[in-house]
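A.B. asks: Mind folding the following:
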Amino acid sequence: MAVVARSYTSPTLVLLANDWADGHDRADFLEFAIERTPGFDGASSNRLPNRIGFNGPPPDQGDLLSNSAPIQKFYWWDARITDADRGSTFTYRVTPVVGSPTSLTLLDQQDSTIQVSIPEIEVNGIGSYFNRAVVSSQAFSKEFPNLDTAAQQQAARAWLANGMQLAVPNFLNHAANKTIDGAIYHLTDDTWIMPALQSHPGPVSLTDNHTRSDTTSDAAIDTLVSTGRPADDFHLRTHAHIMHNKFLVRVGDDGTAEAVLTGSANFTPEGLSAQANLLHTFESADWPRCTSTAKSNSARTPPWRPPNAPRPAGPTRLPPATPPSESSSHPNPRTSAHPWTPSWPPSTPHSIRCCCAPSTQPTPHCWTPCSPPPTPAR
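C.D. replies: Residues are numbered from 1 along each chain as shown. Below is the predicted model of the structure:
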């Protein structure tokens, strides 16, 4: 029976998952050899490398070829995908290897070949950013043997971020001078994200986590305010145990949401470079509408204080804002304390999609814009 191979891709990586049912009954099954076409650095083809052989890693810490040092796992990734490879197609041939460490046999008649297309960062209006975030990897050590200077450290951070550091700047660039509204758990990155927020020509309104034990974002917000951003555009989320949101919404000139950036990454150096995370962008009005409403109902707290002024120490919130009239166009969402808060019940129940399911109906397992928002606990 032939090998079964499947691929899972990102713009900079291919993960291969392999299985060989006949190997279950063979004591001499030594896993797989994998060949890629085209190969590395202009070669017509190459075996995917392995760093560990039957006698451990090679003395020079170099690569071993998988036809002589089979990959002894049922999954393996091709990390030699570069930015230039996006949009290209590769062929992978996965061959079972049997025998002994000193006498290997590749069963070519039972191999499997699959073709894999490397996606662009943005496809059909959906952007995908994945970081590397593996400082302890041999690839990182090989790429950055020295980290003595600030320039070397900056290059290492960018390599680890793997393009994800550009997600927020690109999102803001595409927004031109339109309003950006969002909620952020932590904001501390002053290399990519803070400069992008400071230079954005349009309004920026943010809610950040602020509790007795968590004032992580204070310095960044103070910087935005001190450099000209209105203090009333920044709100404190104080009444939740953890406000773990990370999203930005681009708002059109008519006050409607146009696009959203969201994902698992905090807007911090660690979130971009040191922790395994992703960010997605969606050029769609449905997702931003849901996240905007969620942000409106999470931001019912006093606005940001001027720099160095005392901030509230405990859970507080403002009374709910009066929902806008149906005829209001909201050309500038900053003029409302709670932009896009729908009237309850909605005058047109099917005009707002449910945040938890691709349906226009409310779902029982979560709060959605299809039903009144819960009152936050003090």
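A.B. asks: count of residues packed around A167?
C.D. replies: Per other Cβ atoms under 10 Å, the neighbour tally for A167 reads 28. Any C-beta I mention is one placed from the backbone N, CA and C, and that applies to glycine too.
A.B. asks: does Q275 really touch A133, like I thought?
C.D. replies: Yes - proximity of Q275 to A133 meets the contact threshold set by Cβ atoms under 8 Å, at 5.6 Å.
A.B. asks: quick one, which of those two is more surrounded?
C.D. replies: Between Q275 and A133, A133 has the larger neighbour count (other Cβ under 10 Å), namely 20 against 15.
A.B. asks: Can you pull the domain assignment for the chain?
C.D. replies: With automatic domain parsing serving as the domain definition, the record reports that the chain contains domains spanning 4-120, 176-263+286-335.
A.B. asks: nearest to S137, of those?
C.D. replies: Smallest distance to S137 across the domains of the chain (Cβ to Cβ): 8.6 Å, for domain 4-120.
A.B. asks: just to revisit the earlier point, worst mean pLDDT among the domains of the chain?
C.D. replies: For the domains of the chain, mean pLDDT drops lowest on domain 176-263+286-335, to a mean of 74.
A.B. asks: chain center to stretch 200-219: distance?
C.D. replies: 20 Å (Cα atoms, centre = their mean, to the nearest Å).
A.B. asks: for it, how far is the first residue from the last?
C.D. replies: In stretch 200-219, first residue to last residue: 19 Å (Cα to Cα, to the nearest Å).
A.B. asks: where do the strands sit along the stretch 201-350 of the chain?
C.D. replies: Using DSSP state E, counting those that start in this stretch, the strands assigned to the stretch 201-350 of the chain run over residues 204-209, 234-237, 246-251, 257-263, 278-282.
A.B. asks: tell me what the fourth one is packed against?
C.D. replies: It refers to strand 257-263. Secondary structure elements in contact with strand 257-263, counted by 3 or more Cβ pairs under 8 Å, 6 or more residues apart in numbering; DSSP states H and E, are helix 167-175, strand 246-251, strand 278-282, helix 286-298.
A.B. asks: following it, which helix or strand comes up?
C.D. replies: If you walk from strand 257-263 toward the C-terminus, the next helix or strand you reach (DSSP states H and E) is helix 269.
A.B. asks: State the mean pLDDT of that next one.
C.D. replies: Rounded to a whole number, the mean pLDDT of helix 269 is 96.
A.B. asks: can you list the residues that contact it?
C.D. replies: Residues from elsewhere that reach helix 269, judged by Cβ atoms under 8 Å, 6 or more residues apart in numbering: 157, 188-189, 191.
A.B. asks: repeat that with 10 Å
C.D. replies: Outside of helix 269, the residues within contact range by Cβ atoms under 10 Å, 6 or more residues apart in numbering are 157, 160-161, 165, 188-193, 275.
A.B. asks: That helix: how far from the chain's middle?
C.D. replies: Its chain's C-alpha centre and that of helix 269 lie 14 Å apart, by Cα atoms, centre = their mean.
A.B. asks: show me where the stretch 1-150 of the chain has strands.
C.D. replies: Along the stretch 1-150 of the chain, counting by DSSP E, counting those that start in this stretch, strands occupy 4-10, 13-19, 29-37, 46-47, 49-50, 64-65, 75-78, 89-100, 103-106, 112-117, 122-123, 126-130.
A.B. asks: Mind listing residues that contact the second one?
C.D. replies: Among residues not part of strand 13-19, those counted as contacts by Cβ under 10 Å, 6+ apart are 1, 3-9, 31-32, 34, 36, 48, 71, 73-81, 85, 90, 92, 94-96, 112, 114, 116-118, 130, 132, 162.
A.B. asks: Next, the spatially closest residue to L147 that is not a sequence neighbour: phi, psi?
C.D. replies: Across the structure, with Cβ to Cβ, 6 or more residues apart in numbering as the measure, the residue nearest L147 apart from its sequence neighbours is Q153 (5.4 Å). With angles defined as degrees, to the nearest 10, Q153 sits at phi -70, psi -40.
A.B. asks: I'd guessed Q153 sits against F144; true?
C.D. replies: Yes - applying Cβ atoms under 10 Å as the test, Q153 and F144 come out as touching, 8.7 Å apart.
A.B. asks: quick one: the helices in the stretch 101-250 of the chain?
C.D. replies: Counting by DSSP state H, counting those that start in this stretch, the segments of the stretch 101-250 of the chain that form helices are 138-143, 150-161, 167-175, 193-199, 218-226.
A.B. asks: Just give the nearest non-adjacent residue to E283, would you?
C.D. replies: In this structure, E283 finds its nearest non-sequential neighbour in G125, 3.6 Å apart by Cβ to Cβ, 6+ apart.
A.B. asks: ditto for D78
C.D. replies: Using Cβ to Cβ, 6+ apart, the nearest residue to D78 is V14, at 4.4 Å.
A.B. asks: one step back: export the strands of the stretch 201-350 of the chain as a markdown table, with columns for mean neighbour count.
C.D. replies: What follows is the strands of the stretch 201-350 of the chain, written out as a markdown table (neighbours: other Cβ atoms under 10 Å):
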| stretch | mean neighbour count |
| --- | --- |
| strand 204-209 | 24 |
| strand 234-237 | 24 |
| strand 246-251 | 24 |
| strand 257-263 | 22 |
| strand 278-282 | 20 |
